[in-house]
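> What follows is a predicted protein model with its sequence.
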Amino acid sequence: MATLFPTYNRFPFELISGEGVTVFDQEGNSYLDLTSGIGVCNLGYNVKQLNEAVTAQLGQIWHTSNLYESHLQEEVAEKLTQGTEKVVFFCNSGTEANEAALKLARKATGKTKILSFAHSFHGRSVGSLSLTGNEKIKEGFGDLLSDVTFVAYNDFHSLQAITSEYAAVIVEVIQGEGGMTAGEADWLEALDAECKEKGVLLIIDEVQTGIGRTGKLFAYQHYALDPDIVTSAKGLANGIPVGAMIGKKELAAAFSAGTHGTTFGGNPLAMAAANQVLTIIDDEFLEAVTQKADLFWYYLEKELSDIEFVEGISGKGLMIGIHLAKELPVADVIQALHQEGILTLSAHGNTLRLLPPLVIKGAELIEASQKIKQVLQTSMVHQ
Ligand SMILES: Cc1ncc(COP(=O)(O)O)c(C=O)c1O
């Protein structure tokens, strides 16, 4: 890795193939994947329907610029908007989707101030980093956007900060990178109401929570929420880079021709994959996700209840954080799980983050919860 910028701490193995929910390294070791990339391969690996759709598109045309019509973009947009009065802008990542949301909110309202939350994560470009509530990753990059205010998440006092001076509030329904904290229903709904009352746009960042992860296409659909803008990426094309910003139709005029754009956004390969992803994730699929999530939560809570170093479990659906006491560093647990053939992630606050592919079977989740228990027990002994 001598010729790459050292921006990532990498584990000393390479994943070279995958099948279903199992991935294989260069030495033939297999791992049960509880990461989906980082919430990307929601439908698992080597998925026949997706491979066929992308291969068929590959043989037709790889790229067309956005100077021409795209029936594929229209089809994906129809599936994303689910018959509502909304329109979509396609880009290539979650960061770009949030960048687009920031620009649209400012242009549509004529205001510049944005309210965001402590421990939020919205990306690493200058705009999206400005919206991110994590000081550590902002260090050394100079002045970011000055008119972003951060308030506490899940805190009713924070809502008093919302005034008509703001263009928008941006929020994750479950803070992912920030520690797998689920927004409380009452608080999220009060936030929505406050935005409506003050004439402030509500942007919901569904980059990690969306595309079926919590048992709904978007996590906000569990609640009485009516966002003006929703951003999506990660799982949308199951691993082909894509991002989408979905906005209410009345905002469309602010993004008139020439105001915003991207060379690769909505490219045919990503759209072919996204079209299939959204075909597969139907009501029956989402119901199965809910049932599997209930099973996993039941087993995790049962298996981990008597483990001293587990301080709690949070999240929603198949987006789960296991909070570990500081005596047991999450990095050590992740490595011990590698030895047991399981891939997991971390999140802020010494949290073990689980984002399994949504196609994982109940039996695999039960086995995973037992192995996690075993590894945590063994790690405790070694402390
Ligand atoms: C909630 C949220 N927003 C935005 C992003 C940035 O997405 P990307 O890495 O695709 O730019 C992420 C990535 O982890 C995320 O979790």
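Received, thanks.
> pretty sure His369 is touching Glu301, no?
No, residue 369 isn't His; it's Ser. No: using C-beta atoms under 8 Å, Ser369 is not in contact with Glu301; the gap is 9.1 Å. Glycine gets a C-beta too; all of them are placed from N, C-alpha and C.
> These two: which is more packed in?
Under the criterion of other C-beta atoms under 10 Å, the comparison of Ser369 against Glu301 puts Ser369 first, with 21 against 13.
> Now do the contacts for Thr259.
By C-beta atoms under 8 Å, 6 or more residues apart in numbering, the contact set of Thr259 is 103, 107.
> What residues does the stretch 151-300 of the chain have near the ligand?
Counting by C-beta under 6 Å from any ligand atom, the stretch 151-300 of the chain comes close to the ligand at 172, 176-177, 205, 207-208, 233.
> Save these as a markdown table, and put in pLDDT and secondary structure too.
Listed next are those as a markdown table, based on pLDDT from 0 to 100; DSSP: H, G, I helix; E, B strand; the rest coil:
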| residue | pLDDT | secondary structure |
| --- | --- | --- |
| Glu172 | 98 | coil |
| Gly176 | 98 | coil |
| Glu177 | 97 | coil |
| Asp205 | 99 | strand |
| Val207 | 98 | coil |
| Gln208 | 98 | coil |
| Ala233 | 98 | coil |
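> The ligand contacts on the stretch 1-150 of the chain?
So far as C-beta under 6 Å from any ligand atom goes, the stretch 1-150 of the chain lies against the ligand at 38, 93-95, 98, 121-123.
> And the residues you listed, which is closest to the ligand?
Of all those, the ligand sits closest to Gly94, with 2.4 Å by C-beta to the nearest ligand atom.
> Wait, that closest one touches Thr231, no?
Yes: using C-beta under 8 Å, Gly94 is in contact with Thr231, at 6.6 Å.
> Now the buried members of the residues of the stretch 1-150 of the chain next to the ligand.
The neighbour count (16 or more other C-beta atoms under 10 Å) marks 93-95, 98, 121-123 as buried among these.
> Quickly check those residues for the two that are furthest apart.
Farthest pair in those (C-beta to C-beta) is Ser93 and Phe121. Separation: 13.1 Å.
> just the helices in this structure please.
Using DSSP state H, the helices of the chain run over residues 36-39, 48-58, 71-81, 94-109, 126-130, 185-198, 268-280, 283-304, 330-339, 362-381.
> export those to CSV and tack on distance to Leu159 and mean pLDDT?
Shown next, in CSV, are the helices of the chain (distance: least, C-beta to C-beta, whole Å; pLDDT from 0 to 100):
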stretch, distance to Leu159, mean pLDDT
helix 36-39, 28, 98
helix 48-58, 41, 98
helix 71-81, 28, 98
helix 94-109, 18, 98
helix 126-130, 21, 98
helix 185-198, 5, 98
helix 268-280, 33, 98
helix 283-304, 29, 97
helix 330-339, 32, 97
helix 362-381, 36, 92
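> Quick check: which of those is buried the most?
helix 94-109 (a mean of 24; mean count of other C-beta atoms under 10 Å).
> Specify the residue ranges that define each domain of the chain.
49-280, 283-381 (automatic domain parsing).
> How far away from the center of its chain is the first one?
For domain 49-280, the distance from its own C-alpha centre to the chain's C-alpha centre is 10 Å (C-alpha atoms, centre = their mean, to the nearest Å).
> Export stretch 109-120 to CSV, keeping only CA atoms.
The C-alpha trace of stretch 109-120 is given here as CSV (Å, rounded to 0.1, in the frame of the first residue of the first chain):
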residue,chain,number,x,y,z
THR,A,109,-35.1,29.5,0.4
GLY,A,110,-32.7,32.3,-0.3
LYS,A,111,-31.3,31.6,3.2
THR,A,112,-27.9,30.1,4.1
LYS,A,113,-28.1,28.9,7.8
ILE,A,114,-28.4,25.2,8.4
LEU,A,115,-29.0,23.5,11.7
SER,A,116,-27.4,20.1,12.3
PHE,A,117,-26.7,17.8,15.2
ALA,A,118,-23.8,16.8,17.4
HIS,A,119,-22.4,13.4,16.4
SER,A,120,-23.9,13.6,12.9
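> hmm, who's touching that stretch?
Around stretch 109-120, the neighbours that count as contacts under C-beta under 8 Å, 6+ apart are 102, 105-106, 122, 130-134, 145, 147-153, 158, 161-162, 165-172, 175, 178-179, 181, 200-201, 205, 348.
> Cross those residues against strands and list the overlap.
Applying DSSP state E to the contacts of stretch 109-120, the entries found in strands are 148-151, 166-171, 175, 181, 201, 205.
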